[in-house]
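>>> Sharing a model that was predicted from the sequence below.
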Amino acid sequence: MTDIARLVRSAQAGDGDAFAELYQRFARMVHGVVLARIARTEVDDVVQDVFMAAFERLGELRDPAAFGGWLAAIARNRAADHGRRLMPVHPVVDAPAPARAHEQAEAHAILAVIRALPEAYSETLVLRLVEGMTGEEIAERTGLTPGSVRVNLHRGMKLLREKLS
Amino acid sequence: MSDYLWDKRGEADAEIERLEQTLGGFAQATPPPPLDLSKRPPARRGFSTGALLIAASLALAVGGAVFMLIERRSPAWQVTTAAGRGTLSVGEWLDTHDGEATVAVADIGSLTVEPGARLRLLSTRAGHHRMELARGTMHATIWAPPNQFFVETPSTLAVDLGCAYTLTVDEDGGGLVTVQVGWVGFTAGDRESFIPAGFAAVTRPGVGPGTPYSERAGNTYRQSLALIDLAEWSADAQHALTMVLLQSQERDEVTLWHLLQRVPAFERDRVFNRLAVFVPPPTGVTLDGIRAGDRRMLDAWWDALGLGTTSLWRTWSQQWKDDVNARRGRL
């Protein structure tokens, strides 16, 4: 049984420290999955909501080794729900920060381009370029196969380069 | 692809470095902000076989009333497309045409449906959600306990066993499932495939579920399996089986286990011997028994693969058959 699976089993048995450790390890992944879909100013609240939902529903998770994929799915769903509550459908727009306005504007513009890519690519690129995770970490944390992550990174980066050129 | 994009090693890609620097300010803070769990105690909803059986018994006892009550409460799934948000009611078709759609499967999961797909909601109620995928590709992520989400295709019934997977149906009614997390069951008639994460399986009209194979398997391996699945046993199928056995590695134990039941009895010795190299037959599993298709021996060997016990699998499998038979009875 992996370290993560042991933590999940402990958390399912009511060990709050184990869940806190899972939060520490998976917060970056969840943050990236949500950031790929909704405005930055609302990401932190949704991330908290995702972990709350996961904590409540942890007993439903049959295979502890599938925790990452299960959590990523909750994050995608919560982000989608959040987006729907803000309907009508419109592009996600982040308010620019006042400091270093030029750099911030460029960062927001690039993030918008990434978000406009197909979902699988945008999520993987946010996890890699924003959250700083390696391909292997992305696979481990999201439950995707390394092959899928590699393809998403490769194709997503190719598309992003085309869009930015 | 540069190694740097994958693992930040090797020669740095200047453009990727610039993107990392530009976007890094959006990253999650380290450490992340504190998480306050004090408001919501964890729900103790872990399920067990016993709990499932009790729940199933109760549902059967009051089946009609429960169905009507819940059906009224959750008659439709939410659908989001680039054009906006809508609902998909029971009996309605969704055609994605040129755009992608996201479908919330009640409160148990979500689908990302690729352009050009056609699907229909058949039923949705607590503990049972069923749809039809007539053509196209959908990516399903289901976080409910197993055996609650079913996808009918022209050539098989896909049963979610708690997982994330991609299902494609082509114009001829054939299909392909690839599983990212958990398991998917494919069933049609008496033929079943049990597909774990990292594996894929095809399905064909008139044939049903094909033998699962590792996503890392090469084309020759896949084509050989296709021949074994399709053919009346022949010299070609015999040759294909030889190819599969020669190329099988430890990762292919799931494939070999399925083949134990799919090749003629006189060919099972070869499959038995190859699978035994990777996973020795447990005590009580004999060549004679496998030749004869002994279900208990097959199950015991499956359990030895370490992918979960067949007792749950057989329970679910029986439930599918009951469900399929009930459906046939209504038609």
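Alright, I've got the coordinates.
>>> Give me the nearest residue to the residue nearest the centre of chain A, chain neighbours excluded.
Geometric centre of chain A, nearest residue: A:Val33, 1.7 Å, by CA atoms, centre = their mean. The spatially closest residue to A:Val33, leaving aside those adjacent along the chain, is A:Ala75, at 4.2 Å (CB to CB, 6 or more residues apart in numbering or on different chains). For the C-beta atoms, the positions are set from N, CA and C on the backbone; glycine is no exception.
>>> ok, now B:Val90?
Nearest in space to B:Val90, with sequence neighbours left out and distances taken as CB to CB, 6+ apart, is B:Leu121 at 5.4 Å.
>>> Could you double-check that the one you found sits in contact with B:Leu133?
No. No contact is recorded between B:Leu121 and B:Leu133 when judged using CB atoms under 8 Å, the distance being 11.0 Å.
>>> separation between B:Ala187 and B:Gly175?
Check again: residue B:187 is Thr, not Ala. Taking CB to CB, to the nearest Å as the measure, B:Thr187 and B:Gly175 are separated by 13 Å.
>>> Looking at the two, which has the bigger crowd around it?
When neighbours are counted by other CB atoms under 10 Å in any protein chain shown, B:Thr187 and B:Gly175 differ, and B:Gly175 comes out ahead with 26 against 22.
>>> tell me the pLDDT at A:Gly14?
Note on A:Gly14: pLDDT of 77.
>>> Assign it to helix, strand or coil.
State at A:Gly14, reduced to three classes by DSSP: H, G, I helix; E, B strand; the rest coil: coil.
>>> For it, grab the count of nearby residues.
Other residues within reach of A:Gly14 by the criterion other CB under 10 Å amount to 13.
>>> Output the lowest-mean-pLDDT helix or strand in chain A as CSV, restricted to C-alpha atoms.
Among the secondary structure pieces of chain A, namely its helices and strands, helix A:101-115 has the lowest mean (mean pLDDT, DSSP states H and E), a mean of 78. C-alpha atoms of helix A:101-115 as CSV (Å, rounded to 0.1, in the frame of the first residue of the first chain):
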residue,chain,number,x,y,z
ALA,A,101,0.9,46.3,-14.3
HIS,A,102,2.6,45.4,-17.5
GLU,A,103,3.9,42.0,-16.3
GLN,A,104,0.6,41.2,-14.6
ALA,A,105,-1.3,42.1,-17.8
GLU,A,106,0.9,39.7,-19.8
ALA,A,107,0.5,37.0,-17.2
HIS,A,108,-3.3,37.4,-17.3
ALA,A,109,-3.3,37.3,-21.1
ILE,A,110,-1.3,34.2,-21.2
LEU,A,111,-3.5,32.5,-18.6
ALA,A,112,-6.5,33.4,-20.7
VAL,A,113,-5.0,31.8,-23.8
ILE,A,114,-4.2,28.6,-21.8
ARG,A,115,-7.8,28.5,-20.5
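>>> A:Glu42 reaches A:His82, doesn't it?
Yes. Between A:Glu42 and A:His82 a contact is recorded at 6.8 Å, counting by CB under 8 Å.
>>> ok so, going back, and the helix or strand just after the least confident helix or strand of chain A, does that touch chain B?
Using DSSP states H and E, the helix or strand that directly follows helix A:101-115 along the chain is helix A:119-125. Yes. Looking at helix A:119-125 against chain B by CB under 8 Å from any CB of the partner chain, the contacts come from A:Glu119.
>>> what's the neighbour count on whichever residue of the stretch 201-331 of chain B sits closest to chain A?
As assessed by CB to the nearest CB, chain A sits closest to B:Glu215 within the stretch 201-331 of chain B, at 6.7 Å. Other residues within reach of B:Glu215 by the criterion other CB under 10 Å amount to 15.
>>> State the pLDDT value of it.
90.
>>> What does the closest residue to B:Ser193 other than its chain neighbours show for phi and psi?
Closest residue to B:Ser193 in three dimensions, ignoring its sequence neighbours and counting by CB to CB, 6+ apart: B:Pro209, at 3.8 Å. For B:Pro209, the backbone dihedrals are phi -70, psi 130 (criterion: degrees, to the nearest 10).
>>> all helices of chain A, in order?
For chain A, applying DSSP state H gives helices covering A:3-12, A:16-35, A:40-57, A:67-85, A:101-115, A:119-125, A:135-142, A:146-164.
>>> give me every residue that touches A:Pro64.
When contacts are counted by CB atoms under 8 Å, 6 or more residues apart in numbering or on different chains, A:Pro64 is found next to A:Met1, A:Ile4, A:Ala5, A:Arg6, A:Val8, A:Arg9, A:Gln12.
>>> for chain A, what are the low-confidence residue spans?
Within chain A, the stretches falling below the threshold (pLDDT under 70) are A:1, A:83-104.
>>> What is the end-to-end distance of stretch B:208-219?
Start to finish, the residues bounding stretch B:208-219 are 20 Å apart (CA to CA, to the nearest Å).
>>> now what about it, what contacts it?
Under the contact criterion CB under 8 Å, 6+ apart, stretch B:208-219 has outside partners A:145, A:147, B:155-156, B:178, B:186-189, B:191-196, B:198-204, B:221-222, B:225-226, B:228-229, B:247, B:251-252, B:254-255, B:258-259, B:262.
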